[in-house]
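> test case, fold it:
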Amino acid sequence: QVQLVESGGGLVQAGGSLRLSCAASGSIRSINGMGWYRQAPGNQRELVASITSDGSTNYADSVKGRFTISRDNAKNTVYLQMNSLKPEDTAVYYCNALVKEYYSVSYRWNWGQGTQVTVSS
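Sure, this is the predicted structure:
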(Lines give C-alpha, C1' and ligand atoms only; values in the text may rest on other atoms or scores of the structure.)
Protein backbone atom coordinates (compact mmCIF):
# COMPACT_ATOMS: atom_id res chain seq x y z
CA GLN A 1 0.00 0.00 0.00
CA VAL A 2 1.17 3.50 -0.89
CA GLN A 3 -0.25 6.73 0.50
CA LEU A 4 0.22 10.24 -0.84
CA VAL A 5 -0.64 13.07 1.53
CA GLU A 6 -0.81 16.66 0.30
CA SER A 7 -0.53 19.75 2.45
CA GLY A 8 -0.11 23.50 2.06
CA GLY A 9 -3.33 24.51 0.36
CA GLY A 10 -5.44 27.42 1.52
CA LEU A 11 -6.84 30.84 0.74
CA VAL A 12 -4.57 33.54 -0.64
CA GLN A 13 -5.03 36.87 -2.37
CA ALA A 14 -4.14 37.34 -6.01
CA GLY A 15 -0.42 37.94 -6.37
CA GLY A 16 0.37 35.86 -3.32
CA SER A 17 2.24 32.59 -2.92
CA LEU A 18 1.64 29.10 -1.60
CA ARG A 19 3.83 26.02 -1.34
CA LEU A 20 2.25 22.61 -1.68
CA SER A 21 3.89 19.44 -0.38
CA CYS A 22 3.09 15.82 -1.10
CA ALA A 23 4.72 13.03 0.88
CA ALA A 24 4.59 9.43 -0.26
CA SER A 25 4.74 6.62 2.27
CA GLY A 26 4.19 2.89 2.50
CA SER A 27 5.79 -0.07 0.82
CA ILE A 28 7.85 1.98 -1.62
CA ARG A 29 10.79 0.48 -3.44
CA SER A 30 11.30 3.35 -5.87
CA ILE A 31 9.48 6.33 -7.34
CA ASN A 32 9.80 7.37 -10.96
CA GLY A 33 7.80 10.41 -12.08
CA MET A 34 5.89 12.69 -9.74
CA GLY A 35 3.51 15.48 -10.57
CA TRP A 36 0.78 17.91 -9.70
CA TYR A 37 -2.64 18.13 -11.32
CA ARG A 38 -5.57 20.42 -10.62
CA GLN A 39 -9.29 20.36 -11.14
CA ALA A 40 -11.56 23.38 -10.99
CA PRO A 41 -15.36 23.01 -10.71
CA GLY A 42 -16.84 22.00 -14.04
CA ASN A 43 -13.43 21.37 -15.57
CA GLN A 44 -11.42 18.27 -16.29
CA ARG A 45 -8.35 17.46 -14.26
CA GLU A 46 -5.30 18.98 -15.92
CA LEU A 47 -1.56 18.61 -15.56
CA VAL A 48 0.13 21.50 -13.78
CA ALA A 49 3.71 20.26 -13.56
CA SER A 50 5.69 17.05 -13.52
CA ILE A 51 9.20 15.99 -12.59
CA THR A 52 11.18 12.87 -13.39
CA SER A 53 13.42 10.96 -11.02
CA ASP A 54 16.48 12.77 -12.41
CA GLY A 55 14.89 16.20 -12.05
CA SER A 56 13.63 16.99 -15.54
CA THR A 57 10.53 19.16 -15.35
CA ASN A 58 7.50 19.96 -17.47
CA TYR A 59 4.93 22.72 -16.94
CA ALA A 60 1.55 23.70 -18.28
CA ASP A 61 1.81 26.89 -20.32
CA SER A 62 -0.54 28.65 -17.92
CA VAL A 63 1.87 28.31 -14.99
CA LYS A 64 5.28 28.65 -16.65
CA GLY A 65 7.37 31.29 -14.94
CA ARG A 66 5.12 31.32 -11.86
CA PHE A 67 5.18 27.77 -10.50
CA THR A 68 8.18 25.59 -9.67
CA ILE A 69 8.08 21.85 -9.06
CA SER A 70 10.82 20.11 -7.08
CA ARG A 71 11.34 16.86 -5.21
CA ASP A 72 13.32 15.41 -2.35
CA ASN A 73 14.01 11.79 -3.25
CA ALA A 74 15.30 10.97 0.23
CA LYS A 75 11.95 12.03 1.68
CA ASN A 76 9.76 10.72 -1.18
CA THR A 77 8.28 14.21 -1.34
CA VAL A 78 7.31 16.50 -4.20
CA TYR A 79 6.73 20.23 -3.84
CA LEU A 80 4.96 22.90 -5.86
CA GLN A 81 5.97 26.49 -5.21
CA MET A 82 3.25 28.75 -6.58
CA ASN A 83 3.98 32.45 -6.98
CA SER A 84 2.01 35.31 -8.52
CA LEU A 85 -1.19 33.39 -8.00
CA LYS A 86 -4.26 34.31 -10.03
CA PRO A 87 -7.96 33.67 -9.36
CA GLU A 88 -7.94 31.22 -12.28
CA ASP A 89 -5.48 29.07 -10.33
CA THR A 90 -8.30 28.24 -7.91
CA ALA A 91 -8.80 24.47 -7.91
CA VAL A 92 -8.28 21.27 -5.99
CA TYR A 93 -4.65 20.27 -6.47
CA TYR A 94 -3.71 16.60 -6.59
CA CYS A 95 -0.28 15.02 -6.53
CA ASN A 96 0.59 11.75 -8.17
CA ALA A 97 3.57 9.44 -8.18
CA LEU A 98 4.66 6.48 -10.29
CA VAL A 99 5.66 3.97 -7.64
CA LYS A 100 7.15 0.49 -7.62
CA GLU A 101 6.23 -1.28 -4.42
CA TYR A 102 8.16 -4.01 -2.69
CA TYR A 103 7.38 -7.44 -4.21
CA SER A 104 6.04 -5.70 -7.33
CA VAL A 105 7.54 -6.02 -10.80
CA SER A 106 5.92 -2.93 -12.25
CA TYR A 107 5.25 0.72 -11.50
CA ARG A 108 1.76 2.00 -10.72
CA TRP A 109 0.33 5.50 -10.52
CA ASN A 110 -0.85 6.61 -7.10
CA TRP A 111 -2.86 9.72 -6.24
CA GLY A 112 -3.28 11.94 -3.23
CA GLN A 113 -6.64 13.05 -1.84
CA GLY A 114 -6.29 16.64 -3.03
CA THR A 115 -5.87 20.00 -1.35
CA GLN A 116 -7.94 23.10 -2.05
CA VAL A 117 -6.26 26.25 -3.33
CA THR A 118 -8.43 29.37 -3.49
CA VAL A 119 -7.14 32.64 -4.90
CA SER A 120 -9.27 35.71 -4.22
CA SER A 121 -9.25 38.75 -6.48
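> contacting residues around the residue positioned nearest the centre of the chain?
Taking C-alpha atoms, centre = their mean, the centroid of the chain lies closest to W36, which sits 2.7 Å from it. Residues near W36 by C-beta atoms under 8 Å, 6 or more residues apart in numbering: 20, 22, 47-50, 69, 78, 80, 93-96. (C-beta placed from N, C-alpha, C; glycine too.)
> which of those residues are buried, as a ChimeraX select command?
Only the buried entries of these go into this ChimeraX selection, using 16 or more other C-beta atoms under 10 Å:
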select :20,22,48,49,50,69,78,80,93,94,95,96
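> for the protein, which segments count as strands?
With DSSP state E, the ranges of strands along the chain come out as 2-7, 10-13, 18-26, 28-39, 46-51, 57-59, 67-72, 77-82, 91-101, 107-111, 115-120.
> got TSV for the ones you listed, with mean pLDDT too?
Below are the strands of the chain laid out as TSV (pLDDT from 0 to 100):
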stretch	mean pLDDT
strand 2-7	96
strand 10-13	98
strand 18-26	98
strand 28-39	97
strand 46-51	98
strand 57-59	98
strand 67-72	98
strand 77-82	98
strand 91-101	97
strand 107-111	97
strand 115-120	98
